[in-house]
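Peer 1: Here is my input, please return the structure:
(chains A and B, ligands or ions: 1)
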Amino acid sequence: MAGDNVKHLTDAEFEEYVLKSDLPSLVDFWAPWCGPCKAIGPVIEELADEYVGKVQITKMNVDDNPTTPGKYSIRAIPTLILFKGGEIIDQVTGAVGKTQLIAMLKKVA
Amino acid sequence: MAKTDYQLIILGGGPAGLTAGLYAARDRLKVLLVEKGVVGGQVLVTDWIDNYPGFPEGVTGSELVEKMAAQAARFELETKNGNVVKINLTDEIKKLILESGEELTCQALIICTGARPNKLGIAGEDEFTGKGVSYCATCDGPFYRDQEILVVGGGDTAIQEAEFLTKFARKVTVVHRRDTLRATKILQEKAFANERIDFIWNSNVVAIEGEKEVERVKLRNIDGEEKEIAASGVFILIGTIPNNEMLPLEKLGADEYGFIKTDDDMRTKVPGVMAAGDIRSKTVRQIINGAGEGAVAAIASEHYLSGLN
Ligand SMILES: Cc1cc2nc3c(=O)[nH]c(=O)nc-3n(C[C@H](O)[C@H](O)[C@H](O)COP(=O)(O)OP(=O)(O)OC[C@H]3O[C@@H](n4cnc5c(N)ncnc54)[C@H](O)[C@@H]3O)c2cc1C
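Peer 2: Here you go, the predicted structure:
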């Protein structure tokens, strides 16, 4: 099913699931009120299906989880951050297309 | 004529491109729409649209473009995600070159690349983008709950978004370089009546400052007096500039600001190349006329293509 491979993260899970993970992770910081976030939703779901076992494709709702976005000074969404080994590899803000995200993921997978 | 990948390519997937795509796909042309981000264009960043007919209660920007895209998809409009970096119009065959290196050819082309927010071009603006400087109230407004923020501009977009931002911010101060607003009367009336909106007239923002995030801005009024005010956010809503970097402007014909000139049928100087929407040289840049121009451009393309055969 579409979306099944997207992990919805909470503040509490972030460190363990993303920073300490052996696999790289893409985190899509989003909120339900954000039009562009909604627009890239299907792209995120497609990537999640295509990168199973290579990159963890995740989403974090910034309304429900204020701590992590605060830590990374996120004041604009959608912001997508690519993590590997606890470090930020790349990040982008806005309704970017799939091609651009694939180019970003090439840096880790 | 030599074979091309498509009869028609539409460049850009905002309301103009999606409407051109709807018309062309419905008329069974071999057509492709190329979009570098996700379809929707500037409408995606618009919270609420009250002036597009057919939605008596108004509609959110994302819902409106979703519907436009779904309508084009019903007629099987083919779309492709890609950033066009160059267009070659030297031959009768039009060639688009993508960032990936891929090339696409067509007989007719409709340019709907739209526009993007204008920048102030001042100190701190780029440095603090996403860290207090924003060009999109809908995307970023909720990060400013109970804070004091600034809106720069005096047009429809600035005033409408200032109003929207009062849903979150404790106080919104509109800084405008003149002493009157350009915005429509109804928007002005609402803004003047809103207790959370203040105005600073005849002033420019000259610098945006802070440690890690925006903390204050420097203003200068027409008499040259400077003052500092505290703000955690600055929304810059001062109009748009054309997305024209990939276009051969001289060949197509452009005005002094870089918007493409066309005739009433959306035709540029180059036969078979049309332009529609915000990228066109015109005075009103709205969804309704952008969509209308997309329709006209699609029909002009059909006429051009049937003349070829
Ligand atoms: C904040 C805001 C509020 C607004 N409110 C209203 C309103 O209430 N009512 C109203 O009628 N209008 C409103 N407008 C104006 C309206 O959004 C525009 O007039 C309309 O979106 C123009 O449509 P367009 O298709 O010409 O261009 P755009 O919407 O700008 O779309 C252009 C598309 O082309 C794509 N593109 C550009 N370059 C390339 C390239 N090289 N390769 C591939 N793709 C490319 C872009 O990614 C984009 O998706 C508002 C605008 C803003 C910014």
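
Peer 1: Ramachandran angles for the closest residue to B:N194 other than its chain neighbours?
Peer 2: Distances taken as C-beta to C-beta, 6 or more residues apart in numbering or on different chains place B:T166 nearest to B:N194, at 5.8 Å, with adjacent residues excluded. For the C-beta atoms, the positions are set from N, CA and C on the backbone; glycine is no exception. Comment: the main-chain dihedrals of B:T166 come out as phi -70, psi -10, following degrees, to the nearest 10.

Peer 1: Can you pull the residues of chain B lying near the ligand?
Peer 2: B:11-17, B:34-37, B:41-43, B:45-46, B:49, B:51-52, B:83-84, B:112-115, B:157, B:161, B:243, B:246, B:277-278, B:285-288, B:290 (C-beta under 6 Å from any ligand atom).

Peer 1: Over to B:A297: give its phi and psi.
Peer 2: Phi and psi for B:A297, reported as degrees, to the nearest 10, are phi -60, psi -40.

Peer 1: which residues sit in contact with it?
Peer 2: B:16, B:20, B:110, B:112, B:265-266, B:274-276 (C-beta atoms under 8 Å, 6 or more residues apart in numbering or on different chains).

Peer 1: mean confidence for whichever strand or helix holds B:L305?
Peer 2: Of the helices and strands defined by DSSP states H and E, B:L305 is found in helix B:287-308. Along helix B:287-308, the predicted confidence averages to a pLDDT of 97.

Peer 1: List the buried residues for that helix?
Peer 2: If you call a residue buried by 16 or more other C-beta atoms under 10 Å in any protein chain shown, then helix B:287-308 has these buried ones: B:287, B:289-302, B:304-305.

Peer 1: where does it sit relative to the chain's centre, distance-wise?
Peer 2: Here helix B:287-308 shows a centroid-to-chain-centroid distance of 20 Å under the convention C-alpha atoms, centre = their mean, to the nearest Å.

Peer 1: Over to stretch B:15-24?
Peer 2: With C-alpha atoms, centre = their mean, you get 16 Å for stretch B:15-24.

Peer 1: is chain A contacted by it?
Peer 2: No - contact between stretch B:15-24 and chain A, assessed by C-beta under 8 Å from any C-beta of the partner chain, is absent, since the two come no nearer than 12.8 Å.

Peer 1: What lies in contact with that stretch?
Peer 2: Counting by C-beta under 8 Å, 6+ apart, the neighbours of stretch B:15-24 from elsewhere in the structure are B:8, B:10-11, B:13, B:31, B:33, B:35, B:39, B:41, B:43, B:65, B:68-69, B:71-72, B:75, B:77, B:79, B:110, B:112, B:114, B:276-279, B:287, B:290-295, B:297-299, B:301-302.

Peer 1: contacting residues around the residue of chain A found nearest chain B?
Peer 2: Distances between chain A and chain B by C-beta to the nearest C-beta are smallest at A:G35, namely 3.3 Å. When contacts are counted by C-beta under 8 Å, 6+ apart, A:G35 touches B:40, B:44-47, B:60-62, B:138-139.

Peer 1: related to what we said a few turns ago, and the residue nearest to B:N194, how far from B:R196?
Peer 2: 4 Å (C-beta to C-beta, to the nearest Å).

Peer 1: any shared contact partners between these two?
Peer 2: Applying C-beta under 8 Å, 6+ apart, one finds that B:T166 and B:R196 are jointly contacted by B:V172.

Peer 1: Was I right to think B:E215 contacts B:S232?
Peer 2: Yes - counting by C-beta atoms under 8 Å, a contact exists between B:E215 and B:S232, whose distance comes to 6.9 Å.

Peer 1: Does the helix ranked longest in chain A reach the ligand?
Peer 2: Longest helix of chain A, by residue count under DSSP state H: helix A:35-50. No - counting by C-beta under 6 Å from any ligand atom, the ligand is not contacted by helix A:35-50; separation bottoms out at 10.1 Å.

Peer 1: Can you list the buried residues in that helix?
Peer 2: Neighbour-count burial for helix A:35-50, with 16+ other C-beta under 10 Å as criterion, is recorded at A:35-41, A:43-48.

Peer 1: which residues does the residue nearest the centre of chain A contact?
Peer 2: Central residue check for chain A by C-alpha atoms, centre = their mean: the C-alpha nearest the mean position is that of A:V27, 1.8 Å away. Neighbour list for A:V27: A:9, A:18, A:58-60, A:80-83 [criterion: C-beta under 8 Å, 6+ apart].

Peer 1: one more time with 6 Å
Peer 2: A:58, A:60, A:81 (C-beta atoms under 6 Å, 6 or more residues apart in numbering or on different chains).

Peer 1: What of B:G290?
Peer 2: If you count contacts by C-beta under 6 Å, 6+ apart, B:G290 has them with B:15-16, B:277.

Peer 1: and if you look at B:D156?
Peer 2: By C-beta under 6 Å, 6+ apart, the contact list for B:D156 reads B:183-184.

Peer 1: Most neighbours among the contacts of B:G290, please name it.
Peer 2: When neighbours are counted by other C-beta atoms under 10 Å in any protein chain shown, B:G277 leads those with 34 neighbours.

Peer 1: B:E215 and B:S232 - which one has more neighbours?
Peer 2: More neighbours surround B:S232 than the other of B:E215 and B:S232, with 20 against 15 (other C-beta under 10 Å).

Peer 1: Once you drop chain neighbours, what's closest to the more buried one?
Peer 2: Counting by C-beta to C-beta, 6+ apart, the nearest residue to B:S232 once its immediate chain neighbours are dropped is B:Q147, at 4.6 Å.

Peer 1: That neighbour: how many residues sit nearby?
Peer 2: The burial count assigned to B:Q147 is 17, neighbours taken as other C-beta under 10 Å.
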